[in-house]
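J.: Quick one: sequence and predicted model below, then my questions.
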Amino acid sequence: MIVDYAFLFENLGNLSQVSTTALAVSITVVAIIVELAATRYSPKISDLFLKNGVNIAVMSFFIFIIVFNVWIMVPKLDPASTAIKAVIWTYLVLLTVSFVIIIPYLFFVFDFLRPDSIIRSLEKSACSHLRAARRNPRHLTDARRRFLGTVEQIGDIGVKSIASMDRSLGLSCISALQRILTHYLSVKREYPPHWYLLESGSFYGFCRESIARIESTQTWTEMAVLKQYEFILTTAVGSIREMVQEVSNAMGEIAASAAVENLEESIELIVAYFNTFLRIGHNARDQYGIFNILNQYRMFAEHMMDRDVKRTLEIAAYFRYYGLLAVAAGLPFIMVTASSDLRILNEKAYERGFAGRRELLDIFLTLDKEPETAVDEIAFLGVRKSQAILAGFYLGHGEEELARHIWRDMRHESPERLTAIRDEILALDRERYWEVTDRWINFDYVPPKQKDRIREFFSWFEGSGPVTT
């Protein structure tokens with residue numbers, strides 16, 4: 001094969017124009033795609049894209065080819081020389097590679113700008129800011145500012161996903177925030193004291209006293225993430241159930257991590273946010289959302305049993321408060337859920353030898369009151385059923401005195417109401433609930449062996465029991 005190097009050298013300019021045009025079109029397409037994604041999701045996408053190693057490498061390669069062509073066209077050189085032949089072949093190879101990689105590069109760009117990829121990139125960015133703050137205290141201010149901005153961007157994307165009904169994107173945001181915070185809690189004690197100082201404008205909407213409180217408790221990082229959950233939950237209640245449920249699940253994971261690390265101030269903030277989320281659910285009259293939040297809240301209380309008696313009893317008191325609040329708001333199912341969760345909590349307390357189990361039982365027994373309306377009757381009938389089931393549990397474990405304590409609280413109920421409570425418990429023989437829920441259980445189900453204990457408990461109200469008052 002005979003190669004006309006003189007012809008090739010003379011036409012390098014034309015090749016340069018073709019390559020420059022092709023690369024310019026490719027870069028323009030990429031810029032438009034990135035800008036559209038940044039407008040839809042987050043302005044930070046542009047920053048992440050420009051800092052990505054693959055993008056830097058590809059763009060640098062394209063620019064190098066153009067500059068390379070300019071420099072070989074400037075000097076007057078002999079096309080027949082060995083050096084020019086090598087340069088021509090090198091340029092042709094580089095030009096071929098630049099054309100070949102355009103399609104794979106566009107595929108990479110589209111993959112990079114997929115919603116889940118964007119969230120992963122933001123999550124990695126937030127974690128890298130946390131690592132930078134821990135490893136290089138001199139850059140604390142910059143790392144803190146960048147971390148706050150990244151977390152807010154994830155939260156904003158989560159809120160926007162609700163408006164567009166993009167559930168998968170919203171769920172990815174919630175999971176990313178959960179992973180960021182659980183990672184932080186696992187290494188929180190490694191951060192220097194200056195990390196916990198806040199700049200002005202870090203948390204808009206908070207007064208000076210609140211900012212000072214956040215600084216003194218060293219919980220601004222937790223607050224930054226949990227605040228995003230509050231925004232997402234406020235928008236999602238009543239519209240996208242999966243996102244409400246995922247926020248609840250994420251809170252459970254975060255709470256468990258804080259309990260394992262024994263971070264008292266973080267735990268206090270998490271309890272406050274659990275209560276805030278319950279309030280949001282009440283205001284939106286979203287019984288399903290509260291149903292899920294209470295489930296995770298109860299499991300958090302179970303985590304705290306072996307660590308903090310006072311905190312466990314405090315959470316139990318909140319169950320009572322929000323249960324009664326729900327009844328007043330005409331949401332009886334919430335009271336039924338709260339009573340069932342408190343019953344489970346009492347059972348776990350007995351099995352674990354919880355030091356405050358008698359106080360916990362007393363809180364449970366103050367959950368009911370005399371019904372005044374039909375809604376009250378639904379709610380407090382559920383409470384009494386939960387209390388009777390707990391009495392049967394105690395009798396099954398030989399704890400007659402604890403069962404008697406419940407009996408004394410219920411003995412003033414009318415015979416008709418007691419009969420209804422007993423018959424409804426004994427009639428239920430299906431453990432799994434017949435609809436799809438997060439828990440998959442019937443609250444009032446008791447195993448067949450425990451039903452004998454239920455009958456024994458209710459026999460006391462007839463005056464035929466083994467114990468008299």
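T.: Good, I have the coordinates. Residues are numbered from 1 along each chain as shown.

J.: Tell me which helix or strand D341 sits in.
T.: Taking DSSP states H and E as the definition, D341 sits inside helix 332-352.

J.: Packing partners of that helix?
T.: Judged by 3 or more Cβ pairs under 8 Å, 6 or more residues apart in numbering; DSSP states H and E, helix 332-352 is in contact with helix 287-304, helix 309-328, helix 357-365, helix 374-396. Glycine gets a C-beta too; all of them are placed from N, C-alpha and C.

J.: Adding mean neighbour count and distance to I103 as columns, could you present those in JSON lines?
T.: Shown next, in JSON lines, are the helices and strands packed on helix 332-352 (neighbours: other Cβ atoms under 10 Å; distance: least, Cβ to Cβ, whole Å):
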{"stretch": "helix 287-304", "mean neighbour count": "23", "distance to I103": "45"}
{"stretch": "helix 309-328", "mean neighbour count": "20", "distance to I103": "57"}
{"stretch": "helix 357-365", "mean neighbour count": "19", "distance to I103": "65"}
{"stretch": "helix 374-396", "mean neighbour count": "22", "distance to I103": "62"}
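
J.: for those helices, which one sits closest to G53?
T.: Between G53 and the helices and strands packed on helix 332-352, the tightest spacing by Cβ to Cβ is seen for helix 287-304, at 38.7 Å.

J.: Tell me the helices and strands packed up against the helix or strand containing E401.
T.: Secondary structure from DSSP H and E places E401 in helix 400-410. With contacts taken as 3+ Cβ pairs under 8 Å, 6+ apart, helix 400-410 sits against helix 357-365, helix 374-396, helix 448-459.

J.: average pLDDT across the first one?
T.: Read it as helix 357-365. The pLDDT scores in helix 357-365 average 94.

J.: quick one: it to chain centroid distance?
T.: What separates the centre of helix 357-365 from the centre of its chain is 31 Å, taken as Cα atoms, centre = their mean, to the nearest Å.

J.: re earlier: output the helices and strands packed on helix 400-410 as a markdown table; include the columns distance to L94.
T.: Below are the helices and strands packed on helix 400-410 laid out as a markdown table (distance: least, Cβ to Cβ, whole Å):
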| stretch | distance to L94 |
| --- | --- |
| helix 357-365 | 74 |
| helix 374-396 | 75 |
| helix 448-459 | 79 |
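
J.: where does the stretch 151-300 of the chain have low pLDDT?
T.: 200-202, 204-205 (pLDDT under 70).

J.: show me what contacts L197?
T.: For L197, the contacting residues are E215, by Cβ atoms under 8 Å, 6 or more residues apart in numbering.

J.: Find the centremost residue of this structure, please.
T.: Nearest residue to the geometric centre of the chain (Cα atoms, centre = their mean): A250, 3.4 Å.

J.: Sticking with it, tell me its helix or strand.
T.: Residue-wise, A250 maps onto helix 241-261 under DSSP H and E.

J.: Just the buried positions in the helix or strand just after that helix, please.
T.: Heading C-terminal from helix 241-261, the first helix or strand you meet, by DSSP H and E, is helix 264-284. For helix 264-284, the neighbour count (16 or more other Cβ atoms under 10 Å) marks 266-267, 269-271, 273-275, 277-278, 280-282, 284 as buried.

J.: Let's have the residues you listed in CSV, adding distance to V67.
T.: Output for those, formatted as CSV (distance: Cβ to Cβ, whole Å):
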residue, distance to V67
S266, 53
I267, 58
L269, 55
I270, 56
V271, 61
Y273, 55
F274, 59
N275, 62
F277, 57
L278, 62
I280, 57
G281, 61
H282, 65
A284, 60
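
J.: Tell me which of the helices and strands packed on helix 332-352 lies nearest to F110.
T.: Across the helices and strands packed on helix 332-352, closest to F110 is helix 287-304 (Cβ to Cβ), at 35.2 Å.

J.: which secondary structure elements does that closest one contact?
T.: In terms of contacts (3+ Cβ pairs under 8 Å, 6+ apart), helix 287-304 is packed against helix 241-261, helix 264-284, helix 309-328, helix 332-352.

J.: Kindly reformat these as JSON lines containing distance to H129.
T.: JSON lines is the format used below for those (distance: least, Cβ to Cβ, whole Å):
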{"stretch": "helix 241-261", "distance to H129": "19"}
{"stretch": "helix 264-284", "distance to H129": "19"}
{"stretch": "helix 309-328", "distance to H129": "31"}
{"stretch": "helix 332-352", "distance to H129": "38"}
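
J.: tell me the mean pLDDT over the lengthiest helix in the chain?
T.: In the chain, taking DSSP state H as the definition, the longest helix is helix 12-40. Helix 12-40 shows a mean pLDDT of 72.

J.: Equivalent analysis for stretch 343-350, please.
T.: Averaging pLDDT along stretch 343-350 gives 95.

J.: Could you tell me how far it lies from the centre of the chain?
T.: In terms of Cα atoms, centre = their mean, the centre of stretch 343-350 is found 27 Å from the chain centre.

J.: Give me the contacts around that stretch.
T.: Counting by Cβ under 8 Å, 6+ apart, 298, 301-302, 305, 312, 316, 319, 354, 356-357, 360-361, 364, 386-387, 389-390, 393-394, 397, 399, 402 sit against stretch 343-350.

J.: Quick check: A255 touching I270?
T.: Yes: here A255 reaches I270: they are 4.9 Å apart, a contact under Cβ atoms under 8 Å.

J.: any residues in contact with both of those two?
T.: Each of F300 lies in contact with both A255 and I270 under the rule Cβ under 8 Å, 6+ apart.
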